[in-house]
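Student: Quick one, fold the following:
(chains A and B)
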Amino acid sequence: MKILGISGSLRRGSYNTGLLRAAGELVPDDVEFEIWEGLKTVPPYDHDDDTEDTPAAVAELRSAVAGADAVLIATPEYNASIPGVLKNALDWISRPVLTNPLRNKPAAVVGASTGAFGAVWAQAELRKVLSTIGARTLDLEVACRQAAERFDENGLLLDDEVRAELRRVVDELVAAIRARAEAQAAVPFAA
Amino acid sequence: MSTTETNVIAPVGTWNLDPVHSIVGFEVDYLAGTFKGTFKDVTATLTIAEDRTATLEGAADVTSVDVRNEDQNAHIQGPEFFDAESFPQLLFTAEDVKLDGEQATVNGRITIKGVTKPVALIGTVVPPIEDPWGNQRLGVTLTATVDRTEFGLDWNTPLPGGDLALANDVKIVAELQFVKSA
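Tutor: Numbers count the residues shown, from 1 in each chain, chains lettered A, B, ... in the order given. Alright, predicted model coming up:
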């Protein structure tokens, strides 16, 4: 069982990537957690490029998502929404709609910001996008406010309340993976 | 199994759906009009017993939903709507079937997204005719309205004026043509 983490922030000292690292410490022993680090290499979505000869970074992204049982995305908030690079990657993942690797896959969203609200608008927008793509999006959020005060100089999460919220998201994501597997086992002709 | 004494205006036997000449679909108010869809792969059997009682059973393959747009077909099959991966079939069963004259009254149970609820369908009957190939054919048109949110189909989106884009009440429409098995 595997959860793929994607951070919507490219910054080296990203608090959102820090949230994912902290989440990775909370997964059960039988769950693998990997942070995908190729976001900066994904080219702008262009339908003309969305052919069998897909750009390498896109093929890698789609393969990483396809190889995971669930996706956990940490997003900052840019201008009341999600970063363009993250939306761009999701647009690549989403095609074609009926067979995209996020379809039916459990997905959850967390977020950190240096402001007072913890990227809650961006998280709401991201949940909407993921649901539209066809993911089984958990109706949960982690709003890590004033993030600069909650991480140490090495990017380690110091805040146990945020850690508890992350644990709840991770636990529910793992439960969603297991529930999906059980549902598939119960359906006679599921793909 | 409880059955109800009825006046069924068709001969005793098993009547199988002719899917090519039948339509099973839904209609729901959306934006400024009505959004309509159909299920291409449907099966149904009408069984008329010697005591003039009848049962009706049917199923529709959720992955065969057709709203005339590939991406929208995919969205409707997804977790926000029918969740075809987990619940690939819609099911219907009725043991209270009246086909009186030209009126049809069918009380049964419908299963959508794993949730089973009672449903009362009403409609019309085209009494049996003989087709050019010697088969007996019976036409039944049934409709009912269900609240999609009772079955966990909760998707919606707000309009700028504050209303919601998609209605909760969904009309189920089944235009069924049965052929009597030999």
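Student: Check which residues of the lowest-mean-pLDDT helix or strand in chain B are buried.
Tutor: Least confident helix or strand of chain B, by mean pLDDT, DSSP states H and E, is helix B:70-77 with a mean of 93. Buried residues in helix B:70-77, counted by 16 or more other Cβ atoms under 10 Å in any protein chain shown: B:73-77. Placement of C-beta: from N, CA and C, glycine included.
Student: Check stretch B:82-93 too.
Tutor: Applying 16+ other Cβ under 10 Å to stretch B:82-93 flags B:82-92 as buried.
Student: And for stretch B:99-111?
Tutor: Within stretch B:99-111, judged by 16+ other Cβ under 10 Å, the buried ones are B:99, B:104-108, B:110-111.
Student: What is the nearest of these to A:Val169?
Tutor: Each of these was scored against A:Val169 by Cβ to Cβ, and B:Thr111 proved nearest at 32.0 Å.
Student: Now do the same contact list for that closest one.
Tutor: Contact partners of B:Thr111, counting by Cβ atoms under 8 Å, 6 or more residues apart in numbering or on different chains, are B:89-92.
Student: Contact partners for A:Leu130?
Tutor: Contacts for A:Leu130 (Cβ under 8 Å, 6+ apart) come out as A:73, A:90, A:102, A:107, A:109, A:137.
Student: actually A:Asp49, sorry about that
Tutor: A:43, A:55.
Student: Also A:Leu166?
Tutor: Counting by Cβ under 8 Å, 6+ apart, A:Leu166 touches A:19, A:22-23, A:26, A:110, A:142, A:157.
Student: Which helix in chain A has the most residues?
Tutor: Identified as the longest helix of chain A according to DSSP state H is helix A:160-186.
Student: In it, which residues are buried?
Tutor: Those would be A:162-163, A:165-167, A:169-170, A:172-174, A:176-177, A:180, A:183, for helix A:160-186 by 16+ other Cβ under 10 Å.
Student: in stretch B:113-127, what counts as buried?
Tutor: Within stretch B:113-127, the residues that count as buried by 16+ other Cβ under 10 Å are B:113, B:119, B:121, B:123, B:125.
Student: again, but for stretch A:23-43
Tutor: Using 16+ other Cβ under 10 Å as the test for burial, stretch A:23-43 gives A:23-24, A:26-27, A:31, A:33, A:35-36, A:39, A:42.
Student: likewise stretch B:36-56?
Tutor: In stretch B:36-56, counting by 16+ other Cβ under 10 Å, buried: B:37-39, B:42, B:44, B:46-48, B:53-56.
Student: and stretch A:26-46, how far out from the chain's middle?
Tutor: 8 Å (Cα atoms, centre = their mean, to the nearest Å).
Student: can you list the residues that contact that stretch?
Tutor: By Cβ under 8 Å, 6+ apart, the list of residues contacting stretch A:26-46 from outside reads A:1-8, A:10, A:17, A:20-21, A:23-24, A:49, A:55, A:57-58, A:60-61, A:64, A:68, A:85-86, A:88-89, A:91-92, A:163, A:166-167, A:170, A:174.
Student: quick one: which of the contacts of A:Leu166 has the most company?
Tutor: The residue in the contacts of A:Leu166 with the most neighbours, by other Cβ atoms under 10 Å in any protein chain shown, is A:Leu19 (31 neighbours).
Student: element containing that residue, please.
Tutor: helix A:15-24 (DSSP states H and E).
Student: packing partners for that helix?
Tutor: strand A:2-7, strand A:32-36, strand A:70-75, strand A:106-112, helix A:160-186 (3 or more Cβ pairs under 8 Å, 6 or more residues apart in numbering or on different chains; DSSP states H and E).
Student: switch to 10 Å and redo it
Tutor: strand A:2-7, strand A:32-36, strand A:70-75, strand A:106-112, strand A:143-144, helix A:160-186 (3 or more Cβ pairs under 10 Å, 6 or more residues apart in numbering or on different chains; DSSP states H and E).
Student: low-confidence ranges in the chain?
Tutor: Since no chain was named, I'll use chain A. Applying pLDDT under 70 to chain A flags residues A:188-191.
Student: looking at chain B here, not the other one
Tutor: Using pLDDT under 70, chain B drops low at B:1-7.
Student: Please repeat the previous calculation with a cut-off of 90.
Tutor: Regions of chain B meeting the criterion pLDDT under 90 cover residues B:1-10, B:52, B:100-102, B:182.
Student: near chain A, which residues of it show up?
Tutor: Selection of chain B residues close to chain A by Cβ under 10 Å from any Cβ of the partner chain yields B:61, B:63, B:69-75, B:77-80, B:83-89, B:114, B:155, B:157.
Student: The closest residue in space to B:Leu31 that isn't next to it in sequence and B:Gly33, how far apart?
Tutor: Leaving aside its chain neighbours, B:Leu31 sits nearest to B:Ala165 (5.8 Å; criterion: Cβ to Cβ, 6 or more residues apart in numbering or on different chains). To B:Gly33, B:Ala165 is 11 Å away according to Cβ to Cβ, to the nearest Å.
Student: Contacts only, for the residue nearest in space to the middle of chain A.
Tutor: In chain A, the centroid-proximal residue (Cα atoms, centre = their mean) is A:Ile73; its distance is 2.0 Å. A:Ile73 sits next to A:4-8, A:16, A:20, A:36, A:82, A:86, A:89-90, A:107-111, A:123, A:126-127, A:129-130, A:135 when contact means Cβ atoms under 10 Å, 6 or more residues apart in numbering or on different chains.
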